[in-house]
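Chemist: I would like to see how this sequence folds:
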Amino acid sequence: MKDVRALVLTGFGLNCDWETAHILHLAGALPERVHLNAIIGGTKRLADYHLFVIGGGFSWADEHGAGVILAMRLKHRLRDEILSFVDRGGLVLGICNGFQVLVNTGLLPGFEPGTWDRQAALVANDCGTFRDQWVHVVFNDQSPCVFTRGLHTMDLPVRHGEGKFFAEADVIQKLEANNQVVLRYATADGRPAQGAFPANPNGSINDIAGICDPTGRILGLMPHPEAFNHWTNHPDWTLEKERRQRTGEPLPEQGAGVLFFRNAVDHVRTRG
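Modeler: Residues are numbered from 1 along each chain as shown. This is a model prediction of the structure:
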C-alpha cells in the first residue's frame, strides 16, 4: 500500500497543526508538522509530499487582515515550489485561516492556474463578532473536489471572525457554473440557510462555506473538519450515545471529519 505523506504547516500563529496531524493519521496518511521556515530554508521540500495542509489559527495575529502576511510569504518565497507541487498532482487543503491564505494568494478560485490573481476574499462576519459554534453544511455532489466525494451533509465547528465569503458577481457566477462551490451553510434539516444567522454564521454570499479550484485538488473551507476527529467532539454526543444504545446501533469510532482526509488519502493511492 502506497504511503501518503502529508505536510502540515506550522509556525507564526497557526495553531491547529496537532489536530490536523492526528486526523490525517486516522485517515491513513503519514503526517509531518513542518515549520514554514523549514520549507523556505530548503531543509524540507514540498516535492517530498502528496498533501499540503494550511490549517487554522491566526497567522501573524491576522495583522493587515486574516491570512494576508502568510499569503504574501508563500507567494513571494515559495511560488515556484507550490506551483510545481500543484502541477504534478499534489493536493492542497486550506482550513479557516488556511482558506483565507489560499484566496489571498489567488490559488483559489484558481480560474487560470499559475496566475495567482486574487479574485475573492474572506471578510469580517456580518454579525460583527467572532463566531465559535457548530454549523450544518451540505455538499455539492457535482463538484470536482476530491476531498468531498460521497459526502452529503455534515455538522462541523466554525471559529472565526473573518469568514464571510465575498467576490464580485461575475466571480460568484463562474464559481457556481463550474461547480466550484463545494459546501454551503444550511439549516439542521438540510435546507439552504439563505443567509439567515446563525445557520449562516458570517453572511457568506450564497451561503458559501468552501470552494475548490477547477481541478478539485485545491480546497478551502471555513469549517474545521479536523476538529471533528472523534464522535464525542460533537456537542450532542451524549444524546447520540443514548439514541444508539436504545436502538442497538454500535457507537462510531471516529468523527465525520475523518472522511475529508480519507478521501484525499484514497485519491493519492488510487492515482498510484
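Chemist: run me through the strand neighbours of the helix or strand where residue 31 lies, direction for each.
Modeler: Under the criterion DSSP states H and E, the helix or strand holding residue 31 is strand 30-35. Strand 30-35 sits in its sheet next to strand 5-10 (parallel), going by DSSP bridges.
Chemist: in the partner strand, what counts as buried?
Modeler: For strand 5-10, the neighbour count (16 or more other C-beta atoms under 10 Å) marks 6-10 as buried. Where C-beta positions appear, they are placed from N, C-alpha and C, glycine not excepted.
Chemist: with stretch 110-123 instead?
Modeler: Neighbour-count burial for stretch 110-123, counted by 16+ other C-beta under 10 Å, picks out 110-111, 116, 118-123.
Chemist: need the worst-confidence member of those residues.
Modeler: Lowest pLDDT within the buried residues of stretch 110-123 is found at residue 116 (87).
Chemist: that one contacts residue 108, doesn't it?
Modeler: No. Applying C-beta atoms under 8 Å as the test, residue 116 and residue 108 come out as separate, 10.3 Å apart.
Chemist: buried residues, the helix or strand just after the strand holding residue 31. List them.
Modeler: Downstream of strand 30-35, the next assigned helix or strand under DSSP H and E is helix 36-40. Neighbour-count burial for helix 36-40, counted by 16+ other C-beta under 10 Å, picks out 36, 38-39.
Chemist: so what does helix 36-40 touch, helix or strand wise?
Modeler: Contacts defined by 3 or more C-beta pairs under 8 Å, 6 or more residues apart in numbering; DSSP states H and E place helix 36-40 against strand 5-10, helix 68-77.
Chemist: which residues sit against it?
Modeler: Contacts to helix 36-40, defined as C-beta atoms under 8 Å, 6 or more residues apart in numbering, come from residues 7, 9-12, 44-46, 70, 73, 77-78, 81.
Chemist: for that helix, give the mean pLDDT please.
Modeler: Mean pLDDT, helix 36-40: 97.
Chemist: stretch 128-147 too?
Modeler: The pLDDT scores in stretch 128-147 average 98.
Chemist: in the chain, which spans are helices?
Modeler: Applying DSSP state H to the chain gives helices spanning 17-26, 36-40, 68-77, 79-87, 97-105, 169-177, 237-247, 258-271.
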